[in-house]
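Novice: here is the input, now give the coordinates:
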Amino acid sequence: MDRLVRADYVQAMNLKLPQPLGTTALIVAVLTSGLLAGVYYAYAISVMPALGAFDDRTFIDVMNKINVVIVNPPFMLTFLGSIGFTALAGACYLKPGARPVLVWIGIALALNIASLVITSAINVPLNNNLAAATASTAPADLAALRAHFESSWVRWNLIRALANTAATSVLAWALTRTPSD
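Specialist: Sure thing, here's the model as predicted:
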């Protein structure tokens with residue numbers, strides 16, 4: 001009897017119960033990919049231009065501090081969640097009739113992985129090199145250290161921002177194409 005009462009209540013209140021796993025994973029993939037795109041976008045339009053206005057020593061010191069602070073649970077959940085939830089959504093749509101949505105999820109997964117590879121293979125090593133070189137760099141050599149770091153880091157950050165933005169768009173499109181779970 002409780003179930004009938006609950007079902008009537010939900011229907012009367014026009015409430016939706018939680019989505020099945022595939023749709024839920026896809027929604028969370030959209031959110032995490034979008035949040036990550038937003039982080040990279042914020043760096044591109046505000047953080048790096050603001051840092052660019054400072055002298056070499058300040059730029060390097062603040063960038064090193066940012067690189068330590070950003071490795072935190074919310075960022076890591078977003079960073080790894082963008083791939084994990086996209087992969088989970090893909091696994092959930094490995095079923096008959098879901099091929100159209102699965103193709104879009106696959107494209108988004110490739111874009112999210114590209115962002116991870118850029119971060120891991122380019123941005124993080126640049127960050128690590130900046131931190132390691134700072135202690136042993138003579139004040140006269142700070143400009144060269146900064147120039148090498150800044151130009152590459154900014155360029156690759158923009159590319160990963162675009163990759164995550166595209167992944168978010170593709171995932172949102174996939175969400176509109178989902179067959180009923």
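
Novice: do a quick rundown of the helices in the protein.
Specialist: For the chain, the helices defined by DSSP state H occupy 2-12, 21-42, 48-52, 56-69, 73-92, 99-118, 124-136, 142-176.

Novice: mean confidence for the first one?
Specialist: Translated: helix 2-12. Taken as a whole, helix 2-12 has a mean pLDDT of 53.

Novice: next: the longest one.
Specialist: The average of the pLDDT scores along helix 142-176 is 96.

Novice: which other helices and strands contact that helix?
Specialist: helix 21-42, helix 48-52, helix 56-69, helix 73-92, helix 99-118, helix 124-136 (3 or more Cβ pairs under 8 Å, 6 or more residues apart in numbering; DSSP states H and E). All C-beta spots, glycine's among them, are computed from the backbone N, C-alpha and C.

Novice: what angle do that helix and helix 124-136 make?
Specialist: 160 degrees (axes from the mean of the first three to the mean of the last three Cα atoms, to 10 degrees).

Novice: as JSON lines, the helices and strands packed on helix 142-176 with distance to Thr176, mean neighbour count and mean pLDDT would be great.
Specialist: Conversion of those to JSON lines gives the following (distance: least, Cβ to Cβ, whole Å; neighbours: other Cβ atoms under 10 Å; pLDDT from 0 to 100):
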{"stretch": "helix 21-42", "distance to Thr176": "10", "mean neighbour count": "21", "mean pLDDT": "96"}
{"stretch": "helix 48-52", "distance to Thr176": "34", "mean neighbour count": "14", "mean pLDDT": "97"}
{"stretch": "helix 56-69", "distance to Thr176": "36", "mean neighbour count": "15", "mean pLDDT": "96"}
{"stretch": "helix 73-92", "distance to Thr176": "14", "mean neighbour count": "18", "mean pLDDT": "96"}
{"stretch": "helix 99-118", "distance to Thr176": "9", "mean neighbour count": "20", "mean pLDDT": "96"}
{"stretch": "helix 124-136", "distance to Thr176": "34", "mean neighbour count": "14", "mean pLDDT": "90"}
